[in-house]
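Enquirer: just to be clear, the model below is a prediction. Sequence and coordinates:
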Amino acid sequence: MEAAIVIMALLFFAFVALGVYATVKVVKAAKRGVDRTINQARRTVEDTTLRAKSYGQGGVAGELAQLRLSLRTSMRATQDALQAGVAEDASLRESLDLFRRLSAHGQELDEDLKRLEREPDRSRVAGQLTDLRARTEQITQSADSLRWAARDRARKFAEDDLSSLSQQIDVEAGALRHWSEPAAQDSAPGDFSWPDAGAAAPGAERGQVWPAEAEAGPRPDAQAAGAQAQGQQEPPPAITARDPRLAAYPWEKSARPETTN
């Protein structure tokens, strides 16, 4: 009885722990989803604000907004391209690591530009625009280089795969078009099969012989064997040779009978 109570208590605590673990996982997943949505909405608002400032304002404020917008656009596009490509091409992991290091410099530059937007001394900010512009161009060019290299690599692999597939399809299509060759070989003139060695030749039961043998007569070895056999047994009844004018093959015409007139 006590063992049953202990087992039931252990099962109860196990189910409670499992329920707590599942609840925590669900809460964390929901929190990540909410955070992702909030971050995406924040980025959208910031991009819209920067685009409005770059087009609606001039001078230092417009220049800073333009630099931030170009930096964020390039870095986000490169990040999306590398993360999408690394799932299919493992060699992009090194490129993704390099991009993470580049992102640290990009985030630092974005923070500097954001801080300078709130700087009241516009003349001092204007003196730093040249350096800020050079840093932005260097980071965006590096990000663009990684992005376009990854896209060129994916396009090259796709072209190679398509070329190989086209060659295989051409070979298969050529093989499928050979349906008429066996028929042409079977119907070639003079292409017929001789009977097997163990099978009786056509017309053997009727005493027929091949035309070449009928014309050439018996072979010398056959004559010698016949002369030796004559001294041991009675000579067999003579067999008249077959008229060569008779048909030797089924497809030849039969000879007409001679008339007595």
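Expert: That came in fine, so what should we check first?

Enquirer: residue contacts, residue 96?
Expert: Applying C-beta atoms under 8 Å, 6 or more residues apart in numbering, we find residue 96 in contact with 82-83, 86. C-betas here are computed from N, CA, C, even on glycine.

Enquirer: let me know the secondary structure of residue 146.
Expert: State at residue 146, reduced to three classes by DSSP: H, G, I helix; E, B strand; the rest coil: helix.

Enquirer: that one touches residue 80, doesn't it?
Expert: No - using C-beta atoms under 8 Å, residue 146 makes no contact with residue 80, being 11.9 Å away.

Enquirer: with neighbour numbers in mind, choose between the two.
Expert: Using other C-beta atoms under 10 Å, the more surrounded residue of residue 146 and residue 80 is residue 146, with 20 against 11.

Enquirer: what bits of the stretch 101-250 of the chain have low per-residue confidence?
Expert: 180-250 (pLDDT under 70).

Enquirer: switch to 80 and redo it
Expert: For the stretch 101-250 of the chain, the stretches with pLDDT under 80 are 179-250.

Enquirer: which of the contacts of residue 96 are buried?
Expert: Neighbour-count burial (16 or more other C-beta atoms under 10 Å) is assigned, among the contacts of residue 96, to 82, 86.

Enquirer: sitting in helices, which of the contacts of residue 96 do you find?
Expert: 82-83, 86 (DSSP state H).

Enquirer: what is the nearest of the residues you listed to residue 137?
Expert: When the ones in helices among the contacts of residue 96 are compared for distance to residue 137 (C-beta to C-beta), residue 82 comes out closest, at 20.4 Å.
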